[in-house]
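>>> Okay, here's the prediction I keep looking at, along with the sequence it came from:
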Amino acid sequence: MKIIDISRRLENGMPVWPGDTAFHYEVSWSKAESGSVNVGTLTMSTHTGTHVDAPFHFDDDGKKIIDLDLELYIGPVRVLDMTGKESIGVKDLEGVDLNGMKRVLFRTLSWQNASEFPEKIPHLEADLGPFLAERGIRLIGVDVPSVDPIDSKDLYAHHGLNENGIHILESVLLDKVEPGDYELIALPLPLVEGDGSPVRAVLRTI
Ligand SMILES: N[C@@H](CC(=O)c1ccccc1NC=O)C(=O)O
Ligand SMILES: [Zn+2]
Ligand SMILES: [Zn+2]
């Protein structure tokens, strides 16, 4: 059994959503000062790097991170090849076997330069929510920072998935992952007020 880390590295200077808080880590209390330990301070947006969205991110009445069912974030997942697509919809999933799967990851490989925030990403189409829900999917993950276009304000895909009970994992790193079946572990932090949370996402070969 092998563990594949599909998390983006969290480091100063890393790309973040345009206009959002930059990621910053520093040792704020050094061993020289404290006499015993280095202690760090983090400043970051909840949508930094590999992260999950809580429905509260796009719905004032939606669930917060602490309310999410952890069962969703651990278990069998199918990685599907979606390379070369401008958007992903039902048309791309016809004939794809999702039998018994609760979790799916779309591997678009469209975010080529990891040190820069992408200008254009493949988005999910509105027809996907009902289609995936009917087939039992509860969690969807993408290797780009959003399931909607970067400049979207209506966030159709976010809402459409949420209305169908499907949760969202964003900015996983699938460059070294072959399509197929794995076990996913991607647990959010216990953020009581959180609209999103960074996760350490891994795949285990089965
Ligand atoms: N929907 C995107 C994030 C997003 O839209 C966003 C993230 C940080 C700061 C501003 C954002 N959107 C502003 O319109 C996401 O779920 O990660
Ligand atoms: Zn997000
Ligand atoms: Zn999102």
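Everything's here; your move. Residues are numbered from 1 along each chain as shown. Ligands and ions are numbered 1, 2, ... in the order given.
>>> how near is the residue of the chain positioned farthest from its centre to residue 29?
Distance to the chain centre peaks in the chain at residue 35, reaching 39.3 Å (criterion: CA atoms, centre = their mean). Noted for residue 35: a distance of 10 Å to residue 29, by CB to CB, to the nearest Å. Heads up, the C-betas are built off the backbone N, CA and C, glycines and all.
>>> Could I get the contacting residues of the spatially closest residue to residue 89 that is not a sequence neighbour?
The spatially closest residue to residue 89, leaving aside those adjacent along the chain, is residue 125, at 3.2 Å (CB to CB, 6 or more residues apart in numbering). Residue 125 makes contact with 87, 88, 89, 90, 157, according to CB atoms under 8 Å, 6 or more residues apart in numbering.
>>> I figured the second one hits residue 82, correct?
In other words, residue 88. Yes. With contact defined as CB atoms under 8 Å, residue 88 reaches residue 82; the gap is 5.4 Å.
>>> Phi and psi next, for the residue of the chain found nearest ligand 3.
Across the chain, the shortest distance to ligand 3 (CB to the ion) belongs to residue 53, at 4.1 Å. Backbone torsions of residue 53, given as degrees, to the nearest 10, read phi -100, psi 140.
>>> quick one: contacts for it?
The contact partners of residue 53, by CB under 8 Å, 6+ apart, come to 47, 158, 167, 168, 170, 195, 196.
>>> Also residue 118?
Contacts for residue 118 were tallied using CB under 8 Å, 6+ apart; they are 110, 111, 144, 145, 150.
>>> swap the cut-off to 6 Å and go again
By CB atoms under 6 Å, 6 or more residues apart in numbering, the contact set of residue 118 is residue 111.
>>> before we move on, what about the one 4 residues further on?
Residues in contact with residue 122 (CB under 6 Å, 6+ apart) are 85, 86, 87, 88, 108, 110.
>>> What residues are bridge-paired with residue 205?
Beta-bridge partners for residue 205, by DSSP bridges, are residue 182.
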